[in-house]
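S.K.: below is the sequence, then the predicted model.
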Amino acid sequence: MTGVAVTKTPPRGRVRRWSRLSGTSTAVAVAVAGVLALAPEFASSNVVLDLTNLLILVIMAVMWNALAGFGGMVSIGQQAFIGLGAYGTVFLVNHGQHPYIAMLEATLFCGVLALPLSVFMLRLRAAQFAIAMWVVAESLAILVTLDSGLGAGTGTSLIEFNFYEPTQREHYTYWWTLGAAVIALVVVFLLLRSPLGASLQAIRDDEGAAASLGVRVTEVKTVLFVLAALGTGAAGAATLANILFIEPTSIFSIQYTAYMIFMVLVGGLGSFEGPILGALVLFVIQTEFISNGTVYLTGIGATAILFAIFLPRGVWGTVTDRFGIQLLPVGRELVIAEEPPPEPEP
Amino acid sequence: MSLLAVDSVDAGYGLLQAVRGVSLALAEGETVALVGANGAGKTTLLRTIAGAHQAAAGTVSLAGRDVTRVSAHRRVALGIALVPEGRRLFPGLTVEENLRMGAATRRAGRWDLDSVLAAFPMLAPLRKRRAANLSGGEQQATAIGRALMSNPIVLLLDEVSLGLSPIAVEAVYESLRTVVREGTTALLVEQDLDRALGFADRVVCMLEGRVVLEDRAEPAAREKITAAYFGLSAAGAGGGAA
Amino acid sequence: MTWVNVVVQGVLLGGVYALLACGLSLMYGVMRIINLAHGDLAVVGAYLVTVVLDHVGVSPFVAFLAVLPVMLAIGYVLQRTILERSLRAGILTPILATFGLSIAIQNILLRQFSPDVKSLGGNAGALTTASWRITGQLSISAIGALTLAVAVAVVAGLHVFLHRTRFGSMMRATAQDVDSAELVGIDSRSMYAWATALAVAIAALGGLFLGIRSTFDPTAGPTQLIFAFEAVVIGGLGSLWGTLAGGIVLGVSQTTGAQINPQYSILAGNLVFLVVIATRRGGLLGSRDGTQ
């Protein structure tokens, strides 16, 4: 190989993990969370419902990104956990559990189920993993239709939520969802800043090479798989609390995964901020165009193709590549001093 | 006019520049050996000439025609064939199928299945064997035969003797001599300097991506080439530049 | 006797799945990608047949002859536009791009043809009702037998094409080492495009038989993709004869499940698929060489 230029003095480098911009934006993020928590105090009922929807989208996007963008696992069966979170809640409430506690337990159940599932699924690669997850989701949907206790194929509604006043219920559901979204974001944020974060990047770049460098690929992927199951399960439980009526074909619909892929591809696969941006984009599109179903969905599909091929880093990734900015400090930046620091003068 | 002309070619992989401003010319019927240490850029240069790798700058022309932007498979149709490093046969195809693949462009010429099998007699009994089940020497013979099937004007050979037993190397070179005697212009990468000197008309030595020495392949040149090989002399174009 | 019937019907059902799966298997074998819009393209084929039938009163098989070149062209263009670019972008991009394509196709079909369920069975005449009664409980439907026969013929035809023709050998060579293929003068992009064209045309043939045997609607594609993929995996990725076997195993699994409880039909197939991927990596007839 060609010789590497050897300079006389080795460059002094240090790893920078915060910048002034990222410090400011982290503070802004905390402030936004605070304002969102107070939203029900001043916002109308419609706004609270909209915000709940938006937060559900954010959770779905962030979790799908954790799986695909950080772990390199493209699943088209994440609706399995949407459905499981929702139907798990129904099951637990039917057995006398308090609705909001049931939502939490159903979420945890998704994580517990994901662990044995990961043993089989993580052995599969690329499209095989993608479709196998889909088969799991379809199978779960069929299993639900076989259970009359869960309303079988015709669906079920959670009348227990009607013990609350509608406004009160909307507020509780909103706070529950906000809590889940904040936890999801904080966990992913901490994960990326932890030593595991560097491993994630290595796996995403080249799984084989990462393994040969001693990155414990399977363990890291298992963590992400279980995390995504937990988060997506929470989104499913929140969806149930938000719309109150579910049926197997719609709650296990692949459309949820289509939304996740759209949000992450548009926002920026593999970035922390991208999926949040993608969720905002989808939210705006949904509120503006939902009236025209087929055109809207054709557009969702076509946009996914175009972003996958022509803008694989998404809007956010392209912006950060071009301008080198990062709002939230999840990465490591090697800062090389151009000049060695001046020696102390005698 | 030279048959194959490489003019100021740069080529590399990302930030790594493997070939730096290389110029080279082969006259019709000439046999040139390309020597140099590992990582000198020989393989990249050959792949760039064949079109398997894109040149970042400079031009490659064949019989006066600029082929720099022509895809690899079209260059085969024009008469450039590369026997790649590591042979790279189609493992699931038989020897005969591999050879027939070489005729994918249907270029007319003196080489066909019969004449290739005549030039490489060791392949005749192996026609129906899968390439994955061949010995190193048999694989190399098949790879050269496959390249000949396209009736190339210029034959590029990368690391012909790498990993072969001395007997197999001798057999492969014996057949190659028949080939170049037919008038095929050849550019070959060869690690064994003595063999390169014995086989080629001219030797070109590369060091760190540049051509540092060109000389006639004579025993007298051996010492000069060895020095250039290790970057010990300032012979040629800026040897030892980093 | 009931169980003999269950197995026989399952084998016949497997013919449809094998037909739907052949193209998927071929594309995986040549390019190592799974086209998630494969099922939707099969449904497109069935809809195009209905378009022809709206204009001329012929049998669906005759109508398919007009659809065939269109599907070949769709496949060729699909490869040269979307798939070729996504292949270059890495292993995950084709999944994302073809998933987007699947969503887009379904909704274009919904807009163009309404969500109503359609069937080609009514146009196929006596063929759809004819059957051979073997015993009291066992009968073989003519269309079922024809589907299976066509599936076997397609697999055999592909085998002969890949192993006995010059063009087929070039396709296999490209599948085994695309870099070397270019270096011997094979236009690999053209090979890929023809492989996709063939795959899409065979998918449409599967769509034709699906439409004659049962019903379809604009969103029927994903289910067919799942069945096709299950057949491919059960049979061993990249093996065409394995795909035929996989289709039959899937068919028998579904009819066996349905015999226990009609609602268990698809579930039984999914279960067999999941057991295969959990236990055996290679499938029934898995091979390294993608186009055996």
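M.R.: Yep, it's here. Residues are numbered from 1 along each chain as shown, chains lettered A, B, ... in the order given.

S.K.: per-residue pLDDT of residue 105, please?
M.R.: Defaulting to chain A. The predicted local confidence for A:Glu105 comes out at a pLDDT of 92.

S.K.: switch to chain C, please.
M.R.: The predicted structure lists C:Ile105 with a pLDDT of 95.

S.K.: next SSE after the helix or strand hosting C:Leu53?
M.R.: Take DSSP states H and E as the rule and C:Leu53 turns out to sit in helix C:38-55. Next in sequence after helix C:38-55, counting helices and strands by DSSP H and E, comes helix C:60-78.

S.K.: how far is that following helix from where the chain is centred?
M.R.: Relative to its parent chain, helix C:60-78 has a centroid offset of 14 Å by C-alpha atoms, centre = their mean, to the nearest Å.

S.K.: how about it: buried residues?
M.R.: Applying a neighbour-count criterion of 16 or more other C-beta atoms under 10 Å in any protein chain shown, one finds C:60-61, C:63-64, C:67-68, C:70-72, C:74-76, C:78 buried in helix C:60-78. (Each C-beta comes from the backbone N, C-alpha and C, glycine too.)

S.K.: and the longest helix for chain C?
M.R.: helix C:2-31 (DSSP state H).

S.K.: name the helices or strands packed onto it?
M.R.: Using 3 or more C-beta pairs under 8 Å, 6 or more residues apart in numbering or on different chains; DSSP states H and E as the contact test, the elements touching helix C:2-31 are helix C:38-55, strand C:139-141, helix C:142-164, helix C:166-176, helix C:188-213, helix C:221-235, helix C:240-260.

S.K.: tally of neighbours for whichever residue of chain C sits closest to chain B?
M.R.: Shortest chain C-to-chain B distance, computed as C-beta to the nearest C-beta: residue-wise this is C:Gly185, at 3.3 Å. Around C:Gly185 there are 27 other residues, counting by other C-beta atoms under 10 Å in any protein chain shown.

S.K.: quick one, what contacts it?
M.R.: Applying C-beta atoms under 8 Å, 6 or more residues apart in numbering or on different chains to C:Gly185 gives the contacts B:73, B:76-77, B:102, B:104-105, B:107, B:150.

S.K.: quick one, phi/psi of it?
M.R.: For C:Gly185, the backbone dihedrals are phi 100, psi 10 (criterion: degrees, to the nearest 10).

S.K.: and B:Ala5, by the same measure?
M.R.: phi -130, psi 130.

S.K.: show me the contacts for it.
M.R.: B:24-26, B:59-61.

S.K.: how much space separates it from chain C?
M.R.: When distances are taken as C-beta to the nearest C-beta, to the nearest Å, B:Ala5 and chain C turn out to be 21 Å apart.

S.K.: let me know the pLDDT of that residue.
M.R.: 94.

S.K.: ok so, going back, closest one of the buried residues of helix C:60-78 to chain A?
M.R.: Within the buried residues of helix C:60-78, distances to chain A taken as C-beta to the nearest C-beta reach their minimum at C:Leu78, with 10.8 Å.

S.K.: tell me who's in contact with the closest residue to that closest one other than its chain neighbours.
M.R.: The shortest distance from C:Leu78 to any residue that is not its chain neighbour, by C-beta to C-beta, 6 or more residues apart in numbering or on different chains, is 6.0 Å, and that residue is C:Thr196. Applying C-beta under 8 Å, 6+ apart to C:Thr196 gives the contacts C:27, C:31, C:35, C:75-76, C:78-79, C:83.

S.K.: helix C:221-235 and the longest helix of chain C, what's the angle between them?
M.R.: Orientation check (axes from the mean of the first three to the mean of the last three C-alpha atoms, to 10 degrees): helix C:2-31 against helix C:221-235 gives 90 degrees.

S.K.: buried sites along helix C:2-31?
M.R.: For helix C:2-31, the buried set under the neighbour-count rule, 16+ other C-beta under 10 Å, comprises C:5-31.

S.K.: what mean pLDDT does that helix get?
M.R.: The predicted model gives helix C:2-31 an average pLDDT of 91.

S.K.: near chain B, which residues of the stretch 1-150 of chain C?
M.R.: Contacts of the stretch 1-150 of chain C with chain B, taken as C-beta under 8 Å from any C-beta of the partner chain, are absent.

S.K.: show me what from the stretch 1-150 of chain C comes close to chain A.
M.R.: Taking C-beta under 8 Å from any C-beta as the contact definition, the stretch 1-150 of chain C meets chain A at C:33-34, C:36, C:82, C:85-86, C:89, C:91-97, C:99-108, C:110-111.

S.K.: if we use 7 Å, what do you get?
M.R.: Where proximity means C-beta under 7 Å from any C-beta of the partner chain, the interface of the stretch 1-150 of chain C facing chain A comprises C:33-34, C:82, C:85-86, C:89, C:91-93, C:95-97, C:99-101, C:103-104, C:107-108, C:110-111.

S.K.: what subset of those residues is buried?
M.R.: For the residues of the stretch 1-150 of chain C next to chain A, a neighbour count by 16+ other C-beta under 10 Å gives the buried set as C:33-34, C:82, C:85-86, C:91-93, C:95-97, C:99-101, C:103-104, C:107-108, C:110-111.

S.K.: A:Gln168: how many residues sit nearby?
M.R.: 11.

S.K.: now do A:Gly331, the pLDDT please.
M.R.: Per-residue confidence for A:Gly331 comes out at a pLDDT of 61.

S.K.: buried ones in the helix or strand of chain B with the lowest mean pLDDT, by neighbour count?
M.R.: The helix or strand with the lowest mean pLDDT-type score in chain B, counting by mean pLDDT, DSSP states H and E, is helix B:222-229 (a mean of 83). Buried residues in helix B:222-229, defined by neighbour count with 16+ other C-beta under 10 Å: B:224-225, B:227-229.

S.K.: centre of the chain to that helix, how far?
M.R.: The answer for helix B:222-229 is 21 Å, by C-alpha atoms, centre = their mean.

S.K.: residues of chain B that sit close to chain A?
M.R.: Listed as neighbours of chain A in chain B under the rule C-beta under 7 Å from any C-beta: B:16-18, B:39, B:208-209, B:242.

S.K.: contacting residues around the residue in chain B that chain C sits nearest to?
M.R.: Proximity to chain C, evaluated over chain B using C-beta to the nearest C-beta, is greatest for B:Val76 at 3.3 Å. By C-beta atoms under 7 Å, 6 or more residues apart in numbering or on different chains, the residues touching B:Val76 are B:105, B:150, C:183-185.

S.K.: secondary structure element holding it?
M.R.: Going by DSSP H and E, B:Val76 is in helix B:72-78.

S.K.: which element follows that helix toward the C-terminus?
M.R.: Moving toward the C-terminus from helix B:72-78, the next helix or strand (DSSP H and E) is strand B:80-83.

S.K.: that next one pairs with which strands, and in what direction?
M.R.: Within its sheet, and counting by DSSP bridges, strand B:80-83 is paired with strand B:154-157 (parallel).

S.K.: helix or strand: which one has the residue lying closest to A:Val47 once chain neighbours are set aside?
M.R.: Leaving aside its chain neighbours, A:Val47 sits nearest to A:Ala39 (7.2 Å; criterion: C-beta to C-beta, 6+ apart). Remark: A:Ala39 resides in helix A:20-42, with elements defined by DSSP H and E.
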